[in-house]
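> Give the three-dimensional model of this entry:
(one chain, ligands or ions: 1)
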Amino acid sequence: MTIAVGDRIPSATLHRMTADGPEKVTTDDLFAGKRVAVFGLPGAFTPTCSARHVPGFLAKAEAFRAKGVDRIVCVSVNDAWVMDAWGKSQGVGDDIAMLADGGGAFTKALGLAIDLTGAGLGVRSKRYSMLVEDGVVKALHAEEATGLTISDADTLLADL
Ligand code: BEZ
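From the prediction side, this is the model:
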């Protein structure tokens with residue numbers, strides 16, 4: 001079942017890159033007491049994700065902050081090294097936390113996994129955006145698959 005507005009984010013462990021290597025980030029710590037804009041996508045360095053999805057959120061980072069969002073988080077079923085390299089290539093700096101859901105456990109727990117084996121990617125994430133306040137989903141825009149129609153930064157900003 002797909003997560004819905006009003007649901008609590010499932011407990012899971014993601015990874016982020018640090019100077020000392022990948023570090024665990026629990027969703028409990030990530031969301032506790034914070035207003036967080038999350039977007040998920042099928043893969044680092046893939047065309048729409050790189051050309052539109054990440055740049056859209058990066059361009060609106062200040063607008064999210066102005067609306068009281070504490071952090072913007074990008075999640076993909078990739079490893080922390082790939083997410084780090086992609087974030088650097090996108091110039092996200094501290095504006096977007098690039099978090100790795102390497103085994104896809106978080107994405108599956110959200111009900112947002114998609115099997116892209118046919119496209120050569122394996123089990124990945126549908127494209128989505130959501131606003132999470134203190135661990136509870138307040139807005140959700142989940143695409144049917146990998147297209148970018150409703151999970152863009154502007155649509156989520158309009159919810160704030
Ligand atoms: C894209 O970002 O355009 C994309 C992602 C996954 C599969 C195919 C395309």
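> Next, count neighbours for R127.
Neighbour count of R127, defined by other Cβ atoms under 10 Å: 26. Bear in mind the C-beta positions are built from the backbone N, C-alpha and C, glycine included.
> dump the residue contacts of it.
Contacts for R127 were tallied using Cβ atoms under 8 Å, 6 or more residues apart in numbering; they are 39-42, 48-49, 53, 142-143, 145-148, 151.
> redo that, cut-off 7 Å
By Cβ atoms under 7 Å, 6 or more residues apart in numbering, the contact set of R127 is G40, L41, P42, H53, E143, T146, G147, L148, S151.
> buried sites along stretch 144-159?
Within stretch 144-159, the residues scored as buried using 16 or more other Cβ atoms under 10 Å are T146, L148, S151, D152, A153, L156, L157.
> okay if I get those as TSV plus pLDDT, secondary structure and distance to R16?
Shown next, in TSV, are the buried residues of stretch 144-159 (pLDDT from 0 to 100; DSSP: H, G, I helix; E, B strand; the rest coil; distance: Cβ to Cβ, whole Å):
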residue	pLDDT	secondary structure	distance to R16
T146	89	coil	24
L148	98	coil	24
S151	98	coil	21
D152	98	coil	23
A153	98	helix	21
L156	98	helix	21
L157	98	helix	24
